[in-house]
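[1] model the structure of this input:
(one chain, ligands or ions: 1)
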Amino acid sequence: MEKIVVANMKMNLELDEVNNYLEGIKSWETDGLVFCPPSIYLPYFLGKGYEVGIQNYAMYENGAYTGEISAKQVKSMNINYAIIGHSERREYFNETDDIINKKMKLGVKNNLNIILCIGETLKHKENKQTEEILKTQIINDFKDVDDISNIIIAYEPIWSIGTGLIPTNEEIYNTTKFIKEVINELYNKDIRVLYGGSVNDDNVTILKDIENLSGFLVGGASLKPEKLKRIKETIIC
Ligand code: PGA
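    Now for the predicted structure:
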């Protein structure tokens with residue numbers, strides 16, 4: 001399966017920085033890269049022909065929801081990817097599995113490639129509850145979702161996001177295997193799994209050896225074009 005690197009730029013970069021960023025990536029071969037800038041900048045990336053994703057969309061179909069963007073509107077802009085269930089949304093915006101499940105169904109209905117983030121806290125890890133937590137998230141987030149062909153799971157241990165701490169290759173391999181097994185039990189299908197959490201241009205040279213991964217979700221390091229380029233070139237020829 002083809003590998004991808006998803007650049008989750010979060011709520012970073014102002015317009016002049018975005019222009020510099022676009023200048024920085026201008027001459028690249030960007031196959032396999034998905035840029036997820038703050039929504040207001042998406043048209044600039046789309047205008048240059050890049051593959052893009054939105055960082056979030058509404059749990060409602062349409063209507064009077066000030067400040068929200070619907071899955072249908074996302075698709076209508078030719079934005080093919082969407083991140084949902086990121087731990088920052090779960091934590092700071094109180095997104096429950098129930099809300100994420102509503103978004104999953106809207107994403108599937110509108111033919112978006114969904115990148116669903118799941119992951120455990122440090123406390124869960126220390127209590128050896130990682131598998132239990134991930135399984136619960138999967139079961140709840142996928143409830144009544146019938147078609148998983150456009151869904152990718154991003155395994156993002158919460159304790160690893162933005163901290164510089166990452167699990168060992170063996171831990172990531174085992175957890176990814178577990179995630180695939182849970183999906184296989186539910187759907188009898190394979191699912192693509194990305195790893196995210198403190199991925200950078202150094203550690204990717206080690207992480208790239210994890211054989212059941214389909215790529216990476218990169219936050220901080222994706223803000224520097226030259227770092228993102230090295231990450232991409234390490235895993236995609
Ligand atoms: P990070 O973020 O690479 O800065 O740890 C990853 C993410 O939150 O998706």
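[2] ranges for the helices of the chain?
    15-24, 42-47, 71-76, 87-92, 97-109, 122-126, 130-141, 169-187, 204-207, 225-235 (DSSP state H).
[3] list the buried residues of the fifth one.
    If you call a residue buried by 16 or more other C-beta atoms under 10 Å, then helix 97-109 has these buried ones: 97, 99-108. For every residue, glycine as well, the C-beta is placed using N, CA and C.
[4] can you name the residue of this protein nearest the ligand?
    Here the chain gets closest to the ligand at one residue, residue 219, 2.2 Å apart by C-beta to the nearest ligand atom.
[5] ok, the buried residues of helix 97-109 vs residue 35, which is closest?
    Nearest to residue 35 among the buried residues of helix 97-109 is residue 107, at 18.3 Å by C-beta to C-beta.
[6] what's the nearest residue to the closest one if we skip its chain neighbours?
    residue 114 (4.4 Å; C-beta to C-beta, 6 or more residues apart in numbering).
[7] residues near that neighbour, how many?
    26 (other C-beta atoms under 10 Å).
[8] ok, and the closest non-adjacent residue to the residue of the chain closest to the ligand?
    Closest to residue 219 by C-beta to C-beta, 6+ apart is residue 8, at 4.9 Å.
[9] residues in this protein within reach of the ligand, list them.
    Within the chain, the residues that sit near the ligand (C-beta under 6 Å from any ligand atom) are 8, 156, 161-162, 196-199, 217-221.
[10] one more time with 8 Å
    Contact residues, the chain versus the ligand (C-beta under 8 Å from any ligand atom): 6, 8, 10, 83, 86-88, 117, 154, 156, 160-163, 196-200, 217-222.
[11] out of these, which are inside strands?
    6, 8, 83, 117, 154, 196, 217-218 (DSSP state E).
[12] what's the farthest-apart pair in those residues?
    Maximum pairwise distance among these (C-beta to C-beta): 12.8 Å, between 117 and 218.
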